[in-house]
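>>> what follows is a predicted protein model with its sequence.
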Amino acid sequence: MDEIIVFITASKENEAEKIAKGLVEARLAGCVNIVRDIRSIYMWQGKVEDEKEVLMIAKTRKKFFNAFEKKVKELHSYTVPEIIAVPVVEGSKNYLAWLKEVTD
């Protein structure tokens, strides 16, 4: 299977919206869900950070990952944005066909 789910975090909802629209308009993602008010605890520059963030869940295809990552970095304010892809093991044939259609 070529389909992947990519997780991306952002500091604000308006930034997540800009990234999501940029990915969908460029046909690099079929859909991006935006989940508000997540809490992220992480290590940054030797210090433990505890911040509110926004999570994006993008549905795309592995063959587009390099262009997808480049687009996210172009639109993102973070120096090192979280961009993590996981494979889709199974999925609705209709949904996966739609994803292929909208990202081709």
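That came in fine, so what should we check first? For clarity, every value in this text was computed on a predicted model and none was experimentally measured.
>>> what helix or strand is residue 14 located in?
When secondary structure is defined using DSSP states H and E, the element that contains residue 14 is helix 13-25.
>>> what about that helix, distance to the chain center?
Averaged C-alpha coordinates place helix 13-25 at 9 Å from its chain's average position (CA atoms, centre = their mean, to the nearest Å).
>>> show me what it is packed against.
Helices and strands touching helix 13-25, as assessed by 3 or more CB pairs under 8 Å, 6 or more residues apart in numbering; DSSP states H and E, comprise strand 3-10, strand 31-44, strand 47-61, helix 65-75. Bear in mind the C-beta positions are built from the backbone N, C-alpha and C, glycine included.
>>> how does it look with 6 Å?
Other helices and strands packing on helix 13-25, by 3 or more CB pairs under 6 Å, 6 or more residues apart in numbering; DSSP states H and E, are strand 31-44, strand 47-61, helix 65-75.
>>> list the buried ones in the longest one?
By neighbour count, with 16 or more other CB atoms under 10 Å as the criterion, the buried positions of strand 47-61 are 53, 54, 55, 56, 58, 59, 60, 61.
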